[in-house]
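*Asks:* sequence first, then the predicted structure:
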Amino acid sequence: MAYLPHRNFVSLILAIFSLCACNPSISASPTPIVREEQLSAPQRQSLVTETLLADFGSSRPAIAVAPDHLSIAYQVSVDSKVAVVWKGKQGGSYDSIFPKSIKFSPDSQHIAYIASRGKKWMMVVNEVEDPSHDFVNDIYRFSADSQQVIYSYVSDNKSGTITHVIGKQSYETNDNISSNPDIVISADGRRKAIRQSIGGDIGSPNRREYVIVDGQQGKVYRSIKFGSIRFSSDSQHVAYVADIDDNFKSTVVLDGRETKIYDRVDTIVFSADSQHIAYVAEANYQDFVVLDSIEQKHYRGVSQITFSPDSHHLAYAVNRLNHSSLAIIDGDEVGPYDHVGSFVFSPDSQRIAFVAEDNKKQIAIIDRIEEGKYDFVVELIFSPDSKHIAYIAQKGERVFVVVDGTVGPIYDGIAFVECECDRPIAGRGLNFDTPNVLHYLAMKGNRVYLIKEEIQ
């Protein structure tokens, strides 16, 4: 949520806890919920079950949450060594595991982390160790199809040579500043694009950059904006932002062809049907969206471009000169608010929800109608039939899930996933199994539960 202030999320977010030793017990027995606290919003009627996933006793380890919210992984201490527990099974023993390096694949079926023995580090994928090295970059990710891990390593610190790894393939570079691999795999897993450089490290006046797509080198530019490479959903198109001169004027390069040059270009987004492309551009100190080469209305700032699933609707957030914010939905201005963001369309593309902030309170805006004010609102998601809307909210120390304006059981924390992969994950904190059943992970004290609600 780039537009909403990131204040104290300690009681709200379960995704990552501080590292410490523990010996959790695993259980899977459903228990009923008893609601004791009341909020001003109505409480919903639903059948709720809890399944205990882990009891950490007096400790809280670093926890990784699977995107499907059906499993977790965490670090434990065993005889002066450390290991990762996943699906109730303990993995190999290591001297250390890099903090917060445990990650799930987008499909929740694979896990990876970085571990060390002695002075050597290695990537571990599904408990299978890659070769060890002097250094492994902790910034890594899974490909969109979940089949490959993309990371970089240094085998010899003296040489400075960095090797980037894509699954089982690797290549070397001497660009020792850009050790974070700017490599993108298409959704079908068949294409890859790699940002490369020549002429020196970052900051060198002679440095130039280019993108290699499917083994073919593209035009050399002053620089390629890091993280800008995008494949379309059908994997047929690729685009990235290139700075064309020393003044860093920018253009979007789409399938090898340059588009219009602007003072700055950012945030490329393809529509779900791959027929439309939108991005943020700047000219004369004003930001605007460029949709299929057509410039939209200019504002002080623009972010969070979001297409609907049917690709017929577009929403984004803007800032005005008076520092207020608006939601732009199919060209209509909704607001003003202090901040807006986190746009979500329903599966049938007929509904939209987003989060706004007004006077330090956050509001879920559903179909352009305000629904309650809370301290925090995150992770909006529609049900598969588009009839229900759910989100995580916090009021004081109470954390709960709101469905259609009604409040559910209260917990100490509710998890959502921070995923570093080549595609976003919808509903990262809540998952609908059917139109009337949703599940999520919650915490009571140091116990983690799988919560399943059947909406009545």
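*Replies:* Okay, I see it. Residues are numbered from 1 along each chain as shown.
*Asks:* might you list the low-confidence residue ranges for the stretch 301-450 of the chain?
*Replies:* Applying pLDDT under 70 to the stretch 301-450 of the chain flags residues 416-428.
*Asks:* how near is Ser77 to Tyr94?
*Replies:* 11 Å (CB to CB, to the nearest Å). For every residue, glycine as well, the C-beta is placed using N, CA and C.
*Asks:* let me see the contact set for the closest residue to Asp292 other than its chain neighbours.
*Replies:* Once flanking residues are discounted, Asp292 sits nearest to His276: 5.6 Å by CB to CB, 6 or more residues apart in numbering. His276 makes contacts with 270, 291-292, 307, 311, as judged by CB atoms under 8 Å, 6 or more residues apart in numbering.
*Asks:* can you pull the pLDDT of the closest residue to Ser233 other than its chain neighbours?
*Replies:* Distances taken as CB to CB, 6+ apart put Ser274 closest to Ser233, at 5.0 Å, once the chain neighbours are dropped. Reported pLDDT at Ser274 in the predicted model: 97.
*Asks:* next one: Ser77
*Replies:* 89.
*Asks:* so which residues make contact with the strand or helix carrying it?
*Replies:* Using DSSP states H and E, Ser77 maps to strand 72-78. Where contact means CB under 8 Å, 6+ apart, the residues beyond strand 72-78 that reach it are 19, 21-24, 53-54, 61-66, 82-86, 90, 93, 97, 102, 104, 111, 441, 448.
*Asks:* which of those fall in strands?
*Replies:* For those, the ones inside strands are 53-54, 63-65, 82-86, 90, 97, 104, 111, 441, 448, with DSSP state E as the criterion.
*Asks:* where in the stretch 101-250 of the chain is pLDDT low?
*Replies:* Using pLDDT under 70, the stretch 101-250 of the chain drops low at 156-161, 173-181.
*Asks:* of Ser77 and Tyr94, who's got more company?
*Replies:* When Ser77 and Tyr94 are compared for neighbours, Tyr94 comes out ahead with 22 against 16, by other CB atoms under 10 Å.
*Asks:* so the more buried one touches Ser80, yeah?
*Replies:* No - if you go by CB atoms under 8 Å, Tyr94 and Ser80 don't touch, sitting 11.0 Å apart.
*Asks:* picking up where we left off before, so the residue nearest to Ser233 sits against Asp234, correct?
*Replies:* Yes - look at Ser274 against Asp234 with CB under 8 Å: they come within range, at 4.2 Å.
*Asks:* quick one: the strands in the stretch 351-456 of the chain?
*Replies:* Along the stretch 351-456 of the chain, the stretches classed as strands by DSSP state E, counting those that start in this stretch are 352-358, 361-366, 369-374, 376-382, 389-395, 398-403, 406-411, 413-414, 431-434, 437-444, 447-455.
*Asks:* tabulate those strands (JSON lines), appending mean neighbour count.
*Replies:* Below are the strands of the stretch 351-456 of the chain laid out as JSON lines (neighbours: other CB atoms under 10 Å):
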{"stretch": "strand 352-358", "mean neighbour count": "23"}
{"stretch": "strand 361-366", "mean neighbour count": "21"}
{"stretch": "strand 369-374", "mean neighbour count": "17"}
{"stretch": "strand 376-382", "mean neighbour count": "24"}
{"stretch": "strand 389-395", "mean neighbour count": "23"}
{"stretch": "strand 398-403", "mean neighbour count": "22"}
{"stretch": "strand 406-411", "mean neighbour count": "22"}
{"stretch": "strand 413-414", "mean neighbour count": "24"}
{"stretch": "strand 431-434", "mean neighbour count": "16"}
{"stretch": "strand 437-444", "mean neighbour count": "22"}
{"stretch": "strand 447-455", "mean neighbour count": "20"}
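*Asks:* out of those, nearest to Val253?
*Replies:* strand 352-358 (30.6 Å; CB to CB).
*Asks:* and that closest one, which strands flank it?
*Replies:* With DSSP bridges as the test, strand 352-358 is paired with strand 339-345 (antiparallel), strand 361-366 (antiparallel).
*Asks:* kindly reformat those as JSON lines containing distance to Asn137.
*Replies:* Supplementary listing: those in JSON lines, determined by distance: least, CB to CB, whole Å:
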{"stretch": "strand 339-345", "distance to Asn137": "29"}
{"stretch": "strand 361-366", "distance to Asn137": "35"}
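*Asks:* closest one to Asp201 among the ones you listed?
*Replies:* Nearest of the strands paired with strand 352-358 to Asp201, taken as CB to CB: strand 339-345 at 35.1 Å.
*Asks:* okay, the angle between the closest one and strand 376-382?
*Replies:* Angle, strand 339-345 to strand 376-382, by axes from the mean of the first three to the mean of the last three CA atoms, to 10 degrees: 20 degrees.
*Asks:* quick one: contacts of strand 339-345?
*Replies:* Contacts for strand 339-345 (CB under 8 Å, 6+ apart): 1-5, 303-304, 306-309, 313, 315-317, 325-327, 334, 351-357, 365, 378, 380-382, 426.
*Asks:* same thing but 7 Å
*Replies:* 1-4, 304, 306, 308-309, 313, 315, 317, 325-327, 352-357, 380-382 (CB atoms under 7 Å, 6 or more residues apart in numbering).
*Asks:* who does the residue nearest to Glu371 when sequence neighbours are not counted bridge with?
*Replies:* Closest residue in space to Glu371, ignoring its immediate chain neighbours: Ala364 at 4.7 Å, by CB to CB, 6+ apart. Taking DSSP bridges as the rule, Ala364 bridges to Val355, Glu371.
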